[in-house]
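**Q** Coordinates for the following, if possible.
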Amino acid sequence: MVVVNNHTSPDLIKGFLALKATGVCKVIFEGTPADFTNGSVISFDLADSLVYALAVRSLVSEIRDSHGFLSNVNNVTPIRKPFGFYPPIRTAFIEGKLWVIDIGKDSTQDLSRIQLWDEIISIDGKDITTATNSWRNYFATSNQITFQREVIYYLLNGPKDSKIRLGVNRNEKLSPLELIRSGRTQPSGKLIDFNDDYPVVKTLSDSVAYINMGALSNNSVDSTFNAFQKTKAIVFDMRNYPRGTAWTTAPRLTSVPKEAVFFVKPMVNYAHVNGGESKENTTSSFTVGPDRKHKTYTGKVIILCNGNTQSQAEYSIMMFQAATKATVVGSQTAGADGNVTTVVLPGGYLASFSGLGILYPDGTETQRTGIKIDILIKPTVDGLKKGKDELLDRALEYIAKGK
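**A** Have a look, this model is predicted:
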C-alpha cells in the first residue's frame, strides 16, 4: 500500500497516478481525486511481487532521469523469471533501426539463421516501434538516446528457454526466424564500441595524441601529459565512464582559474521551503584552477562523446570546456549529470536520482539535454560495417582542416 497526502510532492502523486494508466495495479481513492490537496490518500491493491516490482519500475520511470537506477537487496527479483533470459545475440539502435551487432555461442540451437547486421523489424509479431514503446514506462531515462541504450537489455527478453519470433530484414529480403532465450548475458557488442579495445593512450597521425578517458588513471596523468606536451592536438575519448581524472587533467589545460559548473541544490525539507536555508546556500559553483607545477598544454583539445557519456563523463567535459577552447565532437549525451542520491522503497528496492542541478555558468541546463556539442555526428550503419570510427575520423578531419 502507498499513501500520499497534502505534503506529498505533486510529481510523486503524478507518478502514482501513472501506475493506474499502465494497468499494473488497481487504484482506490479515499475521497475524490479533487481532494488531493486536502490530504486524501491513495491505496494500491497489488496482486503479487511481480506486479509490485513493475509498479516500482513504472513509478521511478516518471522522473525521466538516467540516474534513476533501480536495484534490490535480493540477488534475484520477481522480474527475472518472466524477463531474465536472452537469446544469444546483441542488438543496438543505429540510425533509428534495430540491428544485430553481435552473435554469441550456443550449441543448443542453430545460430546460422541469424547474421551480423540483420535488421530486426518485428519481435513476437509486434513491429519494433510497438515492441519498444511497450517498455517506455519502465525506464527512467533522460532522453530518447538513453532509452534506446537501455531498452535493448529487455526488448528480446523472456522466460528461460522460451522461443522468440523475430522478423528479419536482410538485404531487402524479409524472413521470420525463431531463437531460444537460453542465457543470462548478452554478447559484448564491441562491433560498435570502439574505445573498449583502444589503449589508454596512443599517438595518431601528424602529431595528434589520443587518450581513452575510461582507462586513464590519476597515477598516469603526469606521464601522459609529459609525453604529449608538444603535440598539436589531443583527442580525449569520453564515450565511456572516466576514472575521476578530470580534476587532475583539466588544470593542465588552463593557466588561469575558470568557472566551469553552476550547482543548484534542492530544497530538502519543510523548513527549507519556509526560509530555513538561504538562497546562497542552495547554489554554488566549481572553478577549474591551473596546475602551477606543470606547463599548460596549449594544443587543440578535442572531446568525443555519445549516448554512453553520462554523469561524471558529462561533468568532466564541462570542466574541459571551461579550462580551454575545447571542441566537442559527437552526439547527444545522457543528460544525467550531478551526484547520485538514493532513496529506499518498500520491498528492499533502492531507487536513485540526480541530486543536484548541474548547469553551465551561463545558466544552460544539462539535465535531460546533455552537454554542449560543437560538431554533431553519429555513427552510420555503412561506416560501422566498414569498421570505421566515424567520430574519431571527424575529429582528425577537424584538426587537419580547422572545420
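
**Q** C-alpha only now, for contacts and for neighbours.
**A** Noted.

**Q** how much space between residue 89 and residue 387?
**A** Using Cα to Cα, to the nearest Å, one obtains 19 Å as the distance from residue 89 to residue 387.

**Q** ok, then the element right after the helix or strand where residue 382 lies?
**A** Element membership for residue 382, per DSSP states H and E: helix 381-385. Read in the C-terminal direction, the helix or strand following helix 381-385 is helix 390-401, with elements assigned using DSSP H and E.

**Q** what is the mean pLDDT for that following helix?
**A** On average, the pLDDT along helix 390-401 is 96.

**Q** of residue 89 and residue 387, who's got more company?
**A** Using other Cα atoms under 10 Å, the more surrounded residue of residue 89 and residue 387 is residue 89, with 23 against 12.

**Q** Could you tell me which residues make contact with the more buried one?
**A** With contact set as Cα atoms under 8 Å, 6 or more residues apart in numbering, residue 89 has these partners: 100, 101, 102, 103, 104, 186, 187.

**Q** which regions of this structure lie under the pLDDT threshold?
**A** Scanning the chain for pLDDT under 70 picks out 1-47, 267-281.

**Q** In the record's domain split, what are the boundaries for it?
**A** By the record's domain assignment, the chain is partitioned as 1-45, 81-180, 194-401 (automatic domain parsing).

**Q** circling back to that earlier point, Serialize the contacts of residue 89 to JSON lines and add fields for neighbour count and distance to residue 334.
**A** As requested, those are exported to JSON lines (neighbours: other Cα atoms under 10 Å; distance: Cα to Cα, whole Å):
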{"residue": "100", "neighbour count": "19", "distance to residue 334": "23"}
{"residue": "101", "neighbour count": "23", "distance to residue 334": "21"}
{"residue": "102", "neighbour count": "20", "distance to residue 334": "23"}
{"residue": "103", "neighbour count": "20", "distance to residue 334": "27"}
{"residue": "104", "neighbour count": "14", "distance to residue 334": "28"}
{"residue": "186", "neighbour count": "17", "distance to residue 334": "22"}
{"residue": "187", "neighbour count": "15", "distance to residue 334": "23"}
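
**Q** In strands, which of those fall?
**A** Those of these mapping onto strands are 100, 101, 102, 103, per DSSP state E.

**Q** what's the closest of the residues you listed to residue 282?
**A** Using Cα to Cα, residue 101 comes nearest to residue 282 of the ones in strands among the contacts of residue 89, at 45.6 Å.

**Q** Now for the closest one: which residues touch it?
**A** Contact analysis of residue 101 by Cα under 8 Å, 6+ apart lists 89, 90, 91, 92, 116, 117, 189, 191, 192.

**Q** Could you check how many residues crowd around the fifth one?
**A** For residue 116, the number of neighbouring residues by other Cα under 10 Å comes to 16.

**Q** how far away is it from residue 293?
**A** Residue 116 sits at a distance of 51 Å from residue 293 (criterion: Cα to Cα).

**Q** can you tell me the helix or strand for residue 315?
**A** helix 312-323.
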